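Fold the following.
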Amino acid sequence: MDMKVKVCVLQFERTGNFKKNVEKAKDYLRQANACDFALIGGEFSLNESKNIDPYPLLTELAKTFTCNVVAPINANFRRFPKTREKGFSSMHVFNRDGEVVAIQDKQHFYWKERPWFKCGADIKVFEVDGIKIGLVRGSDILYPNYTQRLKDAEIIFFSTMAIDDMMFELAKTRALENQCYIVMSSFIGKYVGMDFVGNAAIIEPVFTIRKGMKMPNETKVLQCVEEEGFIQAEVDIEYIRKIKKEYHMGEL
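Purely as a prediction, here's the structure:
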């Protein structure tokens, strides 16, 4: 059975702001033309919804473009200003009807983040449009004991903050370990005294038989960009299902 899925990654400059970047997202999705999944990375480039609930805007995007929207969302005082409790740093999926069908809370934090967020409890693989989806945010990609809990995922969506190529290289490694596509995005520009490089990418694992041995070989970068804008590619879910079955990592 042929099961091709069109994915799109949107990446923004730090110099933007939340509302303007939502308008950019609409423009990019018009150009992408009927994608199945759209990853909006970088918390909308950090000038995010401090006084705005992002749910209605993301719901509108999903319904307007009839696609599944994947986005990082911080749910703490900025959306609930009267609360004094820590919130969650999460990845969300809004389905084509604008409904939230998946939330994955981040588990690992840098020391500057810890006063603001509490760790999530569960690590799940979600099914959206019949496809198994994993969600990873930021430093969670560093921990194999986290990412291996997503070994059944066929696509992992990953939003991060990248000052060099380390996260990109880790994403390629996780694509091989988990035998799945990695779809990732960051943002670009200066923030907290650092320069962020972007590295929006769609990564495919490649497996081969060499001298009678089945083995992970390399990754194929279907698309990658360090600029503001969007990338898109068609990914083959049946290919992932085949290599998970025939090249099972526990039986190489």
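
Please count neighbours and contacts with C-alpha atoms only from this point.
Fine.

What about Lys242, how many residues nearby?
Lys242: 12 surrounding residues under other C-alpha atoms under 10 Å.

Show me what the helix or strand hosting it packs onto, helices and strands only.
In this assignment (DSSP states H and E), Lys242 forms part of helix 237-246. If contacts are counted by 3 or more C-alpha pairs under 8 Å, 6 or more residues apart in numbering; DSSP states H and E, helix 237-246 sits against strand 4-11.

show me where the stretch 1-150 of the chain has strands.
Applying DSSP state E, counting those that start in this stretch to the stretch 1-150 of the chain gives strands spanning 4-11, 37-40, 68-75, 88-94, 100-105, 126-128, 131-137.

pLDDT below threshold where in the protein?
1-2, 15-16, 42-51, 76-85, 163, 209-217, 249-252 (pLDDT under 70).

Outside of stretch 55-63 itself, list whatever touches it.
With contact meaning C-alpha atoms under 8 Å, 6 or more residues apart in numbering, stretch 55-63 is reached by 22, 26, 68-69, 94-99.

one step back: just the buried positions in the helix holding Lys242, please.
Using 16 or more other C-alpha atoms under 10 Å as the test for burial, helix 237-246 gives 237, 239-241, 243-244.

and what of stretch 168-186?
Neighbour-count burial for stretch 168-186 flags 168, 171-186 (criterion: 16+ other C-alpha under 10 Å).

From Lys63, how far out is Val100?
12 Å (C-alpha to C-alpha, to the nearest Å).

Please name the residues that touch the nearest residue to Gln148 once chain neighbours are set aside.
Excluding its sequence neighbours, the residue lying closest to Gln148 (C-alpha to C-alpha, 6 or more residues apart in numbering) is Asn178, at 6.8 Å. If a contact means C-alpha under 8 Å, 6+ apart, then Asn178 has 147-148, 150-153 as its contacts.

Do you have the helices of the stretch 101-250 of the chain handy? List them.
If DSSP state H, counting those that start in this stretch is used as the criterion, the helices of the stretch 101-250 of the chain fall at 144-147, 166-178, 237-246.

Columns distance to Pro205 on top of these, output as TSV?
Shown next, in TSV, are the helices of the stretch 101-250 of the chain (distance: least, C-alpha to C-alpha, whole Å):
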stretch	distance to Pro205
helix 144-147	15
helix 166-178	5
helix 237-246	8
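
Please name whichever of those helices is nearest to Cys119.
Between Cys119 and the helices of the stretch 101-250 of the chain, the shortest gap by C-alpha to C-alpha is with helix 144-147, which sits at 12.6 Å.

May I see the PyMOL selection of the buried members of the contacts of stretch 55-63?
Selection of buried members from the contacts of stretch 55-63 for PyMOL, criterion 16+ other C-alpha under 10 Å:
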select buried, resi 22+26+68+69+94+95+96+97+98+99
